[in-house]
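**Q** turn this into a structure:
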Amino acid sequence: MIPPGKLPDVGTTVFTVMSRRAAETGAVNLGQGFPDYPCDPQLGAYVAAAMASGHVQYAPMAGVVALRERIASELGARHRIEIDPEHEVTVTAGATEGLFSSIQALVGPGEEAIVLDPCYDSYDPAVRLAGGRCVHVPLEPPHFRPDWARIASAVNERTRLVIINTPQNPACSCLSAGDLDELARLLRGRDCHVLADEVYERIVFDGATHASVLGHAELRARSIAVYSFGKSLHATGLRVGYAVGPALLTAELRKVHQFNTFAINTPMQQALADWLAAHPGFGDGLAGFFAPRRDLLLDALAGSGWRLLRPAGSYFLLADYSALSDEDDVALAARLVDEAGVATIPLSVFYCEPPAGMRLLRLCFAKREQTLAEGARRLLAWRQPARRGP
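**A** Predicted structure coming up:
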């Protein structure tokens, strides 16, 4: 007999399902968040050079020293702080492993972690595998701003972790410096930590500035922040991320990391260190790179039944289809693959308890302009009677 397992209610992720359906049908894939354009070809040359130079054995458990130094220097300069690459930076197998190992280190059996829905789908399973319980506090559409009174009511003596994601995937909102002040006030005097998923930190639009826990004097002492090279270098298959936190929290994170993945791909780490040395401030142009792609979709679908919500950050946006259909978002997303030839992601799957009547789909604009234009053309060509009755 097969045991029930620790996650009996967890199946294949919606990202895998929709990308598979897109491949099967030839649909334009605006669902899963990966680019369809190449990354910098120099990166591949650096990988080949690293292997030719003999960087093919185990890396240090915490990460290649040169890469950790580059990370510490770049983040430190941006947030005007000192980061110790030896004791405060850990290279992980993508941001997902950084998040998972951090949760295992910080949450114990019977303890609670607060997440803000809609939230990335890896948080809740990781908390449950640690023996903890996820407390889901919803962010209300269309602005998806935190209700700090509601969050405060969820905090109790069992709360050991608050997980935040800014810029937020999938809601595309951003926390402000004032929000971080509220979080610091809420946790003051409590034995509780913060896990900050900041993988889209460089993709913030319209002149706004990313508010990081690393730049917040009070929160930094109790926080681990997680990042992804795959997101910032347009190469999600790199699977190299990093986690940054104070030495005491980093030590706990590494206790889990060393028995999870132990060490990350050595030639890739060395290549990233060399690439970063040749490209200082590499992420400064990311918002400018993605803004025209965002605007292409916003402009192409303006005035149609598709009402797009302008994203504050990340490379996603949300499409309100309530003028086109009364179907729930899961059903419509499945139908759009076949009828419109476009793959999207329903927003409700990111909620523990989605708001009633949710009519929002997530679109990814980390794509070639031709891909976005064709996706928009297909969505415009798809016709649905407005506001069908029961």
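
**Q** okay, now Cys119: neighbour count?
**A** Residues near Cys119, counting by other C-beta atoms under 10 Å, number 25. Glycine gets a C-beta too; all of them are placed from N, C-alpha and C.

**Q** my guess is it is in a helix, correct?
**A** No - checked against DSSP: H, G, I helix; E, B strand; the rest coil, Cys119 lies outside a helix; its state is coil.

**Q** start the count at 39 instead of 1 going forward.
**A** OK, 39 is where the count begins now, so the last one is Cys157.

**Q** surely it and Ile201 touch.
**A** Yes - with contacts counted by C-beta atoms under 8 Å, Cys157 reaches Ile201, the gap being 7.3 Å.

**Q** residues shared between the contacts of those two?
**A** Residues touching both Cys157 and Ile201 (C-beta atoms under 8 Å, 6 or more residues apart in numbering): none.

**Q** would you map out the domains in this structure?
**A** 52-77+323-419, 93-319 (automatic domain parsing).

**Q** OK, contacts around His174?
**A** Val153, Leu154, Asp155, Cys157, Asp162, Tyr389, Cys390, Glu391 are the contacts of His174 under C-beta under 8 Å, 6+ apart.

**Q** from the residues you listed, pick the one nearest Glu62.
**A** Taking C-beta to C-beta as the measure, Tyr389 is the one of the contacts of His174 closest to Glu62, at 27.1 Å.

**Q** what about the residue lying closest to that closest one once chain neighbours are set aside, how many neighbours?
**A** Nearest non-adjacent residue to Tyr389, counting by C-beta to C-beta, 6 or more residues apart in numbering: Asp155, 4.5 Å away. Neighbourhood size, Asp155 [other C-beta under 10 Å]: 22.

**Q** can you name the residues bridging to Asp155?
**A** In this entry, Asp155 is beta-bridged to Pro176, by DSSP bridges.

**Q** from what I see, Thr204 and Ala234 are in contact.
**A** Yes - the criterion here is C-beta under 8 Å, and Thr204 meets it with Ala234 at 7.2 Å.

**Q** more neighbours: the two, which one.
**A** Remark: of Thr204 and Ala234, Ala234 carries more neighbours, 31 against 27, as counted by other C-beta under 10 Å.

**Q** and that one, what pLDDT?
**A** Confidence at Ala234, expressed as pLDDT, is 98.

**Q** how about low-confidence regions in the stretch 39-188 of the chain?
**A** 39-41 (pLDDT under 70).

**Q** ok now stretch 242-254, how far from the chain's centre?
**A** Mean-position distance between stretch 242-254 and its chain equals 15 Å (C-alpha atoms, centre = their mean, to the nearest Å).

**Q** what's it in contact with?
**A** 113, 117-119, 121, 202, 204-205, 212-215, 217-219, 222, 232, 234, 236, 239-240, 257-258, 261, 263, 282, 325, 328-329, 332, 349-351.

**Q** re earlier: ok, now which ones touch the residue nearest to Tyr389?
**A** His174, Val175, Pro176, Leu177, Phe388, Tyr389, Cys390, Glu391, Pro392.

**Q** of these, buried ones?
**A** His174, Val175, Pro176, Leu177, Phe388, Pro392 (16 or more other C-beta atoms under 10 Å).

**Q** quick check: the last one vs Trp344, distance?
**A** Between Pro392 and Trp344 the distance, using C-beta to C-beta, to the nearest Å, works out to 20 Å.

**Q** returning to what we had before: in TSV, list the contacts of Asp155 along with distance to Thr128.
**A** Listed next are the contacts of Asp155 as TSV, based on distance: C-beta to C-beta, whole Å:
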residue	distance to Thr128
His174	28
Val175	28
Pro176	32
Leu177	29
Phe388	27
Tyr389	31
Cys390	29
Glu391	34
Pro392	34
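
**Q** quick check, nearest of these to Thr304?
**A** Nearest to Thr304 among those, with distances taken as C-beta to C-beta, is Phe388, at 34.8 Å.

**Q** for the closest one, which non-adjacent residue is closest in space?
**A** Per C-beta to C-beta, 6+ apart, closest to Phe388 is Pro156, 3.3 Å.

**Q** residues near that neighbour, how many?
**A** 28.

**Q** got the residue ranges for the helices in this protein?
**A** In the chain, helices defined by DSSP state H lie at 52-63, 79-90, 103-117, 132-144, 161-167, 186-192, 215-225, 255-258, 267-270, 285-298, 304-316, 324-338, 367-377, 407-419, listed in chain order.
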